[in-house]
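Colleague: What follows is a predicted structure for the sequence shown.
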Amino acid sequence: MWREIRCCNDSASVIEGPCVGNGRLEPGNLIADEYVVGEALRVGGAGAVYRAVRRGTGERCAVMVLSSSLGDVATRERLVELARVGPSIESEHVPAVLAAGFDRTLQAAWLVTEEIEGEALPAVLAKTGPLPIGVVSGLMRQVFDALASAHEAGVVHGALTADDVFVAPSPRAKGAGWVSVLGFGVARGLAERRWQEGLREDDSSTLHSADVRALGMLGLAMLSGKAEPGGESTLAPSATLQGLGVPDAVALGWFDAWFEACVAAEPEAQFQSVEEAEEAWEHGVAAPQRAGRPRWALGALALVLVGVAVTAALHLRGRVERHAPAGGAAGVGHRPAAPRSHCPAGMVWLPGGQFLMGSREDRGDPDQRPRHVVNMSGFCMERTEVTVGAYGRYWALRGHPPELAPDEGFNCNWRRADRVDHPMNCIDWRAARDYCEWPGHPGGPRRLPTEAQWEFAAHGPEGGRYPWGDGVPGEQVCWSGVSPRLGTCQVGASRRDVTSTGLVDMAGNVAEWTADLYAPQYAVPDAAVPIDPAGPESTPDGLRVFRGGTWAISVPSGLRAATRGRHTESMRARGVGWRCVRGPSGDDP
């Protein structure tokens, strides 16, 4: 016989027995006249999760009953409806929502998901104690996949703890255990509600930050064997692990920097995405600190401390192809993936080819002539302009050298907490060059692009007047031609300013330093077509070229791919930033 469920309201704590309104059930309870509740998997947080069996079919599943702490009856009813129709999370580590509803008789909001196997992480750690780094990496990779897939779908967890991570034996996990991450059903509903209320963009950074912080705590929990590692210790995490007798803890020196970049309170000091945290983890695991290793090698935990972009990392995972809309009408986040072997995360592969560099005689300024044919080898280019957050982490790893500190002040983005994901500006050519050539980047040093590389990337294979083609710019470009702007924009936010290869902000936002010295006209050989040309080796005035338009430009011609600018190497302009390039397959550009 099925057990009857008693009803209660939020003040029913004085009533003994199960209280559905507060998310508590007992084995044998029947919900929605269809699902028979089994043992509890997790109680607390957004609600309680139970193993369950579908009545009549015997199908195994899991049932979550939402806690009244999420709101009144109407709020919870709306949440489960949004969870049912909300965005799908394409990860095998996130149990899919199969059904959702609100039982008015029981006053219970519920979700049904795929079957959840295994035990919660705290129960696992209680049996095993500290886990070896190889096992931890296997588990963390699955958590990375779950969170990154959810973020791609516009869903953040926001309250992830060890209780939400379930581990089950599985040959697919190669000895680490198979991970399922719970709690995304409610997160889907919350995400959809935020989107409908117009809050999705405003609160995304805060919510992403909570998920990134959770990654740090999960990594420490697995390595220490404690589901809730003590937060009062002044010791570095690796020292704490050594004190606990964790095997090979001395080789985990890289973990300190990784952990701090997860849990940092300052936005500019924290990983900007799950992909950044994952890339950093992989670099740390691949190159642990050993006796005799130079100190700068730990800066390889630079890993991604140099602005790995979310979308490019998603490309490398192969997720973007699955979600790209039919017919090729892809947005900024749905561009073709670069081959994994070519470019580090955050960079876009540009196959070599031939293009016309410069402007026709009847178009553009005299220094954009003569127009000439150029052959280019393939190369990698950073998808976005270098952000404030990426430069801040690099600057910290370099030891805060004053000569590399950007200017502060009006319309300068440095030390602006609200502009962590804006392009770095107010910085001179030498500091931009040093940033690119730093050996701590994923894959090694990079460099500033030549003029030819920059213009080839901005034109794209189509050779349009602007990075997106020949159509005039509009509101979806970061410039002042439609209405005056008071500063830069978030990188990648300008939906029109995207090349066919996925590079963003090549026309607006900030202009970009190149490696080349300025010459008033291009030097073109009489016969042979130049291959990968660079600027002159020396000039009398030593001016450097920057390319692209800025947020302050108000005339369309200033956004053309052929437009050139120049200034002294010491100039620190509010409208000039940069991005880096690198050759394929690890070759230095």
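Modeller: Happy to help now that I have it. These numbers were taken from a predicted model, which means no experiment stands behind them.

Colleague: Stretch 544-564: which residues count as buried?
Modeller: Buried residues in stretch 544-564, counting neighbours by 16 or more other Cβ atoms under 10 Å, are found at 544-553, 556, 558-564. From N, CA and C alone the C-beta is placed, and that goes for glycine too.

Colleague: next one: stretch 133-146
Modeller: Applying a neighbour-count criterion of 16+ other Cβ under 10 Å, one finds 133, 135-146 buried in stretch 133-146.

Colleague: try stretch 159-176
Modeller: Neighbour counts over stretch 159-176 (16+ other Cβ under 10 Å) mark 159-167, 173, 176 as buried.

Colleague: For Arg55, state which of the residues you listed is nearest.
Modeller: Phe166 (24.0 Å; Cβ to Cβ).

Colleague: quick one: the closest one and Val179 touch, right?
Modeller: Yes - judged on Cβ atoms under 8 Å, Phe166 makes contact with Val179 at a distance of 7.0 Å.

Colleague: Kindly reformat the buried residues of stretch 133-146 as TSV containing distance to Leu356, secondary structure and pLDDT.
Modeller: Output for the buried residues of stretch 133-146, formatted as TSV (distance: Cβ to Cβ, whole Å; DSSP: H, G, I helix; E, B strand; the rest coil; pLDDT from 0 to 100):
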residue	distance to Leu356	secondary structure	pLDDT
Ile133	53	helix	88
Val135	55	helix	90
Val136	53	helix	92
Ser137	48	helix	91
Gly138	51	helix	91
Leu139	52	helix	94
Met140	48	helix	95
Arg141	45	helix	93
Gln142	48	helix	93
Val143	48	helix	95
Phe144	43	helix	93
Asp145	43	helix	91
Ala146	46	helix	90
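
Colleague: Closest to Val581 out of those residues?
Modeller: Nearest to Val581, judged by Cβ to Cβ, of the buried residues of stretch 133-146 is Phe144 at 27.3 Å.

Colleague: Three-state assignment for the residue nearest to the closest one when sequence neighbours are not counted, please.
Modeller: Spatial nearest neighbour of Phe144, chain neighbours left out: Glu278 (4.2 Å); criterion: Cβ to Cβ, 6 or more residues apart in numbering. Following DSSP: H, G, I helix; E, B strand; the rest coil, Glu278 is assigned to helix.

Colleague: Tell me how many other residues crowd Glu278.
Modeller: Using other Cβ atoms under 10 Å, Glu278 has 25 other residues around it.

Colleague: Start the count at 42 instead of 1 going forward.
Modeller: New numbering, starting at 42: the last item is Glu319.

Colleague: And it, how far from Trp299?
Modeller: With the distance defined as Cβ to Cβ, to the nearest Å, Glu319 ends up 10 Å from Trp299.

Colleague: so Asp557 sits in a helix?
Modeller: No - Asp557 sits outside any helix when classified using three-state DSSP, being strand.

Colleague: Show the contacting residues for the closest residue in space to it that isn't next to it in sequence.
Modeller: Closest residue to Asp557 apart from its sequence neighbours, by Cβ to Cβ, 6+ apart: Gly576 at 2.9 Å. Counting by Cβ atoms under 8 Å, 6 or more residues apart in numbering, Gly576 touches 491-492, 555-560, 586.

Colleague: let's see 7 Å
Modeller: The contact partners of Gly576, by Cβ atoms under 7 Å, 6 or more residues apart in numbering, come to 491-492, 557-558, 560, 586.

Colleague: thinking again about what came up before, okay, who's weakest in the buried residues of stretch 200-217 by pLDDT?
Modeller: Least confident of those in the model: Ala214, at 55.

Colleague: May I have the beta-bridge partners of Met388?
Modeller: Met388 forms beta bridges with Glu423, as assigned by DSSP bridges.

Colleague: and Trp495, how far is that from Thr555?
Modeller: Distance, Trp495 to Thr555, by Cβ to Cβ: 5 Å.

Colleague: Torsion angles phi and psi at the nearest residue to Leu223 once chain neighbours are set aside?
Modeller: Excluding its sequence neighbours, the residue lying closest to Leu223 (Cβ to Cβ, 6+ apart) is Asp205, at 4.6 Å. Phi and psi for Asp205, reported as degrees, to the nearest 10, are phi -90, psi -10.

Colleague: Confirm for me that Asp205 is in contact with Gly224.
Modeller: Yes - between Asp205 and Gly224 there is a contact at 4.7 Å, judged by Cβ atoms under 7 Å.

Colleague: element containing Leu261?
Modeller: Counting by DSSP states H and E, the element that carries Leu261 is helix 245-265.

Colleague: What are the buried residues along that helix?
Modeller: For helix 245-265, burial by neighbour count (16+ other Cβ under 10 Å) applies to 248-250, 252-265.

Colleague: swap in stretch 440-458?
Modeller: Judged by neighbour count using 16+ other Cβ under 10 Å, the buried positions of stretch 440-458 are 445, 447, 452-455, 457.

Colleague: Make JSON lines out of these and add distance to Trp295, secondary structure and pLDDT.
Modeller: Converted to JSON lines, these look like this (distance: Cβ to Cβ, whole Å; three-state DSSP; pLDDT from 0 to 100):
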{"residue": "Leu445", "distance to Trp295": "23", "secondary structure": "helix", "pLDDT": "93"}
{"residue": "Pro447", "distance to Trp295": "28", "secondary structure": "coil", "pLDDT": "95"}
{"residue": "Asn452", "distance to Trp295": "37", "secondary structure": "coil", "pLDDT": "91"}
{"residue": "Cys453", "distance to Trp295": "33", "secondary structure": "coil", "pLDDT": "96"}
{"residue": "Asn454", "distance to Trp295": "29", "secondary structure": "coil", "pLDDT": "95"}
{"residue": "Trp455", "distance to Trp295": "28", "secondary structure": "coil", "pLDDT": "95"}
{"residue": "Arg457", "distance to Trp295": "30", "secondary structure": "coil", "pLDDT": "90"}
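
Colleague: Now for Gly79, how many residues are close by?
Modeller: Neighbours of Gly79 using other Cβ under 10 Å come to 18.

Colleague: got a list of what it touches?
Modeller: 68, 91-94 are the contacts of Gly79 under Cβ under 7 Å, 6+ apart.

Colleague: Closest one of the buried residues of stretch 174-187 to Thr580?
Modeller: Thr580 lies nearest to Phe185 out of those, by Cβ to Cβ, at 47.9 Å.

Colleague: my read: the closest one touches Val315, true?
Modeller: Yes - the pair Phe185 and Val315 passes the contact test of Cβ under 7 Å, sitting 5.9 Å apart.
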